[in-house]
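# Dropping the sequence and predicted coords here.
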Amino acid sequence: MFTTNTVLGLAIGIALGFAGAFGGFGAFLLVLVLGAVGLAVGRWLDGQLDLAEISDQLRGADRGRNRL
């Protein structure tokens with residue numbers, strides 16, 4: 001199996017979620033959030049996630065650009 005930083009980050013986030021809380025809906029949400037954080041970190045380490053572009057989009061920095 002080919003393991004990338006994305007897969008590794010997701011697995012670590014999920015494992016930390018299970019270790020941090022075990023059982024119930026609150027644990028489910030914790031695992032979901034930590035899994036998403038692990039996935040985002042892994043994608044960033046793989047170079048598949050551009051944080052500058054995301055922050056520009058959140059701030060609306062592309063409003064002045066020409067759109068087709």
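Here it is on my side, so go on.
# State the helix or strand in which L30 lies.
Using DSSP states H and E, L30 falls within helix 24-45.
# Let me know the distance separating the closest residue to L51 other than its chain neighbours from T4.
Sequence neighbours aside, W44 is the residue nearest to L51 in space, at 6.6 Å (criterion: Cβ to Cβ, 6 or more residues apart in numbering). No exception for glycine: its C-beta is placed from N, CA and C like everyone else's. As for W44, its distance to T4 is 12 Å (criterion: Cβ to Cβ, to the nearest Å).
# In terms of pLDDT, where does L16 sit?
L16 is assigned 74 on the pLDDT scale.
# For it, which non-adjacent residue is closest in space?
Take L16 and drop its neighbours on the chain: the residue closest to it by Cβ to Cβ, 6+ apart is L34, 5.3 Å away.
# contacting residues around that neighbour?
Contact analysis of L34 by Cβ atoms under 8 Å, 6 or more residues apart in numbering lists G13, I14, L16, G17, G20.
# Now do the second one against W44, distance only.
In this structure, I14 and W44 are separated by 17 Å, where distance is defined by Cβ to Cβ.
# The fourth one too?
The gap separating G17 from W44 is 19 Å, by Cβ to Cβ.
# the more surrounded of the two?
G17 (22 against 15; other Cβ atoms under 10 Å).
# give me every residue that touches that one.
With contacts defined as Cβ under 8 Å, 6+ apart, the neighbours of G17 are A27, L30, V31, L32, V33, L34, G35.
# Kindly recompute the last result at 6 Å.
Counting by Cβ atoms under 6 Å, 6 or more residues apart in numbering, G17 touches L30, V31, L34.
# As TSV, the residues you listed with distance to I54 would be great.
As requested, the contacts of G17 are exported to TSV (distance: Cβ to Cβ, whole Å):
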residue	distance to I54
L30	23
V31	23
L34	19
